[in-house]
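> Okay, sequence plus prediction incoming.
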Amino acid sequence: MKNFFGTFRTENKLELFDFNNNDKIDYVFKTYIDDVAEEIVNLYELYSMGINGKFNFQVDNQNKPYFIKRTFNSETDKEIKEKFEQYWITKIK
């Protein structure tokens with residue numbers, strides 16, 4: 001089984017984690033979106049490697065997905081506004 005993934009716009013290295021200390025290999029998938037009405041979005045989603053070697057999208061026991069989303073105006077705007085949303089394993093301050 002092969003998994004191909006990468007973050008070519010936000011990072012140039014692979015980072016694997018062990019969230020929840022459950023001996024599963026976790027990966028934070030990062031998406032960069034810059035075509036939504038002059039807003040830029042950085043979206044982070046959690047995947048964990050299953051016993052079959054595939055990375056699976058992670059949700060809580062109520063099927064709510066884990067994510068971190070940062071939305072901000074494009075760099076050309078004089079006034080930069082930012083919005084931060086999250087549903088993560090622990091609250092990010």
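On my side now, so go ahead. Numbering: from 1, shown residues only.

> C-alpha from now on. contacts and neighbour counts both.
Noted.

> Now the nearest residue to Phe17 once chain neighbours are set aside: phi and psi?
Spatial nearest neighbour of Phe17, excluding adjacent residues (Cα to Cα, 6 or more residues apart in numbering): Asp26 at 4.8 Å. Backbone torsions for Asp26, taken as degrees, to the nearest 10, come to phi -110, psi 150.

> Name whatever forms a beta bridge with Asp26.
Phe17, Ser48 (DSSP bridges).

> Let me know whether it touches Leu14 as I believe.
No. Counting by Cα atoms under 8 Å, Asp26 does not reach Leu14; the two are 11.3 Å apart.

> With neighbour numbers in mind, choose between those two.
Shown here are Asp26 and Leu14; by other Cα atoms under 10 Å, Asp26 has more neighbours (22 against 10).

> can you pull the contacts of the more buried one?
Taking Cα atoms under 8 Å, 6 or more residues apart in numbering, we find Asp26 in contact with 16-19, 46-49.

> buried residues in the helix or strand of the chain with the lowest mean pLDDT?
Least confident helix or strand of the chain, by mean pLDDT, DSSP states H and E, is strand 26-36 with a mean of 82. By 16 or more other Cα atoms under 10 Å, the buried positions in strand 26-36 come out as 26-31.

> Check stretch 51-60 too.
By neighbour count with 16+ other Cα under 10 Å, stretch 51-60 contains the buried residues 55, 57-59.
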